[in-house]
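[1] okay, predicted coordinates and the sequence, questions at the end:
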Amino acid sequence: MIKSKYFKVIITIIIFILVFVICLLINWNWIFARAGFYPDRSQGVSVSFIDVGKADAIFITCDDYNILIDAGEDYKADRVSSYLKRYNTEKLDLLVATHPDNDHIGGMSSIINDFEVKKFWQSEINENVISQTYSYKNMISSLQNKNITTEYKKSGDTYILGDLTFTVLSPSKEYEDTNNSSLIIRLDYFGTSFLFTGDAETEAEQDLINNYQNNLQADVLKVSHHGSNNGSSYEFLQLVSPKYAVISVGDNTVNLPSKACIERLESNNIEILRTDLHGTVTISAKNDGEIKVHTEK
């Protein structure tokens with residue numbers, strides 16, 4: 001009787017250990033993706049506009065390459081890191097700071113400290129324009145501590161990672177504010193294109209129109225400056241002619257996105273995706289041009 005009791009205990013322990021090991025070995029990301037909870041990043045390029053409120057953090061994956069454009073505010077750095085680690089990210093092949101405002105670089109120091117960064121881009125901005133914020137100083141300190149060289153990019157620069165081509169469209173000149181100094185980047189993957197506009201406002205947008213005219217078309221537009229009224233002009237939207245427009249904005253953010261911006265997007269029959277309404281938005285494209293949208297709300 002005693003032996004039987006011990007035998008049952010041993011069997012129970014063995015079963016528990018086996019279940020525990022199996023749980024560790026299971027690719028839960030794959031299961032959650034198949035169940036529709038997580039976006040499926042297994043094929044083509046996937047671009048996630050992470051829900052970080054009125055801030056930007058855009059995570060791009062393709063094959064074994066990982067790219068992050070901006071890192072949100074400092075108090076939401078853990079949310080960005082957690083999202084990257086959800087997909088077992090250990091290194092970033094490219095990290096981009098579009099411009100040195102807190103809602104774009106606040107979490108940058110944490111990202112630099114937590115991950116191996118192979119390349120770091122930012123826009124070359126006159127020191128008199130840059131606000132020497134706590135976040136900016138932390139970012140520079142983290143870069144120096146890890147011996148990461150800053151590459152200053154401007155219009156015309158290109159970079160290829162596997163099947164991904166990154167083209168910098170702006171800045172093409174020196175501006176007197178950080179928003180217009182934003183790095184504006186076009187990403188091409190076979191026949192699909194994404195346009196990331198940072199916080200570019202009217203002046204930079206008009207220069208973009210003048211410099212590129214009919215070469216601005218993109219399937220997906222990251223709406224500049226969280227959908228404020230000082231960007232996304234009617235002419236610009238017509239030239240870009242995106243199928244999807246993503247606005248990174250927080251709940252109850254005053255006057256954002258602006259009513260005028262939304263009206264211009266709607267008048268051009270562009271599907272609007274908002275992080276305040278849809279949570280993290282992931283847009284994936286395969287090499288045959290098929291595009292899928294996944295939202296987490």
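    Thanks, I have the structure now.

[2] could you chop this protein up by domain?
    1-38, 39-295 (automatic domain parsing).

[3] and the first one, average pLDDT?
    Meaning domain 1-38. Averaging pLDDT along domain 1-38 gives 60.

[4] sec struct for residue 77, please.
    Counting by DSSP: H, G, I helix; E, B strand; the rest coil, the backbone at residue 77 sits in helix.

[5] in stretch 82-97, which residues are buried?
    83, 84, 87, 89, 92, 93, 94, 95, 96, 97 (16 or more other Cβ atoms under 10 Å). For every residue, glycine as well, the C-beta is placed using N, CA and C.

[6] check which helix or strand covers the second one.
    Which is residue 84. helix 77-86 (DSSP states H and E).

[7] distance from the chain centre to the next helix or strand after that helix, please.
    The first helix or strand that comes after helix 77-86 along the chain, using DSSP H and E, is strand 91-92. Counting by Cα atoms, centre = their mean, to the nearest Å, strand 91-92 is centred 14 Å from the centre of its parent chain.

[8] over to stretch 162-174?
    For stretch 162-174, the separation from the chain centroid amounts to 15 Å (computed by Cα atoms, centre = their mean).

[9] restricting to C-alpha, output that stretch in CSV.
    Extracted C-alpha coordinates of stretch 162-174, given in CSV (Å, rounded to 0.1, in the frame of the first residue of the first chain):
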residue,chain,number,x,y,z
GLY,A,162,18.7,41.3,-47.4
ASP,A,163,15.5,42.0,-49.3
LEU,A,164,14.9,45.3,-47.6
THR,A,165,16.0,48.6,-49.1
PHE,A,166,16.0,51.7,-46.9
THR,A,167,16.1,55.1,-48.6
VAL,A,168,16.5,58.3,-46.7
LEU,A,169,14.3,61.0,-48.4
SER,A,170,14.8,63.8,-45.9
PRO,A,171,16.3,66.0,-44.5
SER,A,172,17.7,67.6,-47.7
LYS,A,173,18.8,70.8,-45.9
GLU,A,174,19.2,72.2,-42.4
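
[10] that concludes my questions; thank you for your assistance.
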